[in-house]
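Q: from the sequence below, what's the structure:
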Amino acid sequence: MTDRELLEAAAKAAGLEVIDMETKDCLAIKIDYCNHAYWNPLTDDADAFRLAVKLGLRHLFYVEVQKDCVQTSYIVPQEDIFYESFKDQDPCAATRRAIVRAAAELGKQA
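A: Numbers count the residues shown, from 1 in each chain. This next block holds a predicted model:
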């Protein structure tokens, strides 16, 4: 699944309306009748946090920082445990991606 597909599935799970505005690095989402915002929980801590809270993903995460990688696991109800490994990367990036992947799995089930 591409990052764009992950974001679209996560937005679906969160009940966000995506506006196709030819954006490469984020999604444009509808805020209200006249307004939109750019949204990318893969790169933005605040977007990822709000997504996790909205979907009730609290206490499903475990972050383990090892010498050369970060593993963030998450559990989707009735699914297996998934891992995000990032060699020499930021543990926050692994956690954001884990949140989006968990949300995308929920979006695919919806």
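
Q: can I get the helix or strand harbouring residue 13 in PDB? Just the C-alpha atoms.
A: Using DSSP states H and E, residue 13 maps to helix 3-14. Extracted C-alpha coordinates of helix 3-14, given in PDB (Å, rounded to 0.1, in the frame of the first residue of the first chain):
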ATOM      1  CA  ASP A   3       1.600   6.300   1.600                       C
ATOM      2  CA  ARG A   4      -1.300   8.000  -0.300                       C
ATOM      3  CA  GLU A   5      -3.400   4.800   0.000                       C
ATOM      4  CA  LEU A   6      -2.600   4.500   3.700                       C
ATOM      5  CA  LEU A   7      -3.600   8.100   4.300                       C
ATOM      6  CA  GLU A   8      -6.900   7.700   2.300                       C
ATOM      7  CA  ALA A   9      -7.800   4.500   4.300                       C
ATOM      8  CA  ALA A  10      -6.900   6.200   7.600                       C
ATOM      9  CA  ALA A  11      -9.000   9.300   6.700                       C
ATOM     10  CA  LYS A  12     -11.900   6.900   5.800                       C
ATOM     11  CA  ALA A  13     -11.600   5.300   9.200                       C
ATOM     12  CA  ALA A  14     -11.600   8.700  10.900                       C
END
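
Q: let me see the mean pLDDT of that helix.
A: Averaged across helix 3-14, the pLDDT comes to 89.

Q: ok, the residue most central in space within the chain to residue 49 distance?
A: The centre of the chain sits closest to residue 100, judged by Cα atoms, centre = their mean, with a distance of 1.5 Å. According to Cβ to Cβ, to the nearest Å, residue 100 and residue 49 sit 12 Å apart. Where C-beta positions appear, they are placed from N, C-alpha and C, glycine not excepted.
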